[in-house]
Structures are given as C-alpha cells and as structure tokens.
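Student: Here's a sequence, model it:
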Amino acid sequence: MKTREAAERFVQVWERAWATHDVDALIELYAEDCVHRSMPFREPHRGRDELADYLRWSFAQERVTDVRFSPPVVGQDGVAVAEFRVLAEEHAVASALAGCVFVRFDGAGLAVETRDYWHTADGHQEPAGKLFLL
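Tutor: Coordinates of the predicted model:
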C-alpha cells in the first residue's frame, strides 16, 4: 500500500473512531509489534495490546463532542504527519486538545511507529490562527 493511501485511511479512521471510542477500529490500523509514544518523554506503548490498553484508559472519562484531523502530509520512507483537534468533556469540564501525530507505515500500510505531540486548553476553543496549516 502506498504511504499516501495508508495515511489518508489512518486519519479518516482516527477521526471517526476517536469520536466513538472505537478502540477495535483504531487497533486495526497498527502492526502487531507497533511502538506508540503518546508524549515525547513517556515510555512507549509496545504492541497492539499495550496500545489498546492505553486507548481504553484515555477514553474512559472522555465524552467527545467533535474530532477533526487535517489531511496528512506525506514524506519519504513511509512517514506521514497530520494535525488533530478534539473537543471533549471530562467530569463535566469542557476541554480542547490539539496536536499532531507522526506515523511510519510498513509496506502493508500498517502503522509501525507513531508519536504524538499535543496540548490541552480549558473550554471548547479552536487553536490560535487557522485550524490546520494545510
């Protein structure tokens, strides 16, 4: 599978599945031995099982109201990046999360390595400036 096709599928599934907390759909995007870093200085989640556990934990208290992903920017060697923005509530408190995900795909179009960078803010708000750079 070409990187562009894999990256477009990745952001489309993430956008839909994050909104519904569909962990099974998300895990299908990843290789069995994937490595996911949810923040640069955290220990990585290794393999689908650890990633699924992390996602379930992340989604446990979250009620999503809106999820948006930018079109992916595709680079060399199976790498792509996309921005995202999520409006949610946890414990009845509104929040916004904005960030980006870097993904390396294998030849089958599965994510073998991902890394997120994100920030949160109180309330339902958009990031400063244009929502996505593209």
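
Student: Of all the residues in stretch 84-93, which ones are buried?
Tutor: Within stretch 84-93, the residues that count as buried by 16 or more other CB atoms under 10 Å are 84-88. All C-beta atoms are positioned from the backbone trio N, CA, C, and that covers glycine.

Student: Also stretch 31-40?
Tutor: Under the neighbour-count criterion of 16+ other CB under 10 Å, stretch 31-40 has 31, 34-38 buried.

Student: Return the subset of these lying in strands.
Tutor: 31, 34-37 (DSSP state E).

Student: Output those residues in JSON lines; the columns should cover pLDDT.
Tutor: Output for those, formatted as JSON lines (pLDDT from 0 to 100):
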{"residue": "Ala31", "pLDDT": "98"}
{"residue": "Cys34", "pLDDT": "98"}
{"residue": "Val35", "pLDDT": "98"}
{"residue": "His36", "pLDDT": "97"}
{"residue": "Arg37", "pLDDT": "96"}
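
Student: Closest to Tyr117 out of these?
Tutor: Checking these against Tyr117 with CB to CB, the nearest one is Arg37 at 9.3 Å.

Student: Next, the distance between the ends of stretch 9-28.
Tutor: 11 Å (CA to CA, to the nearest Å).
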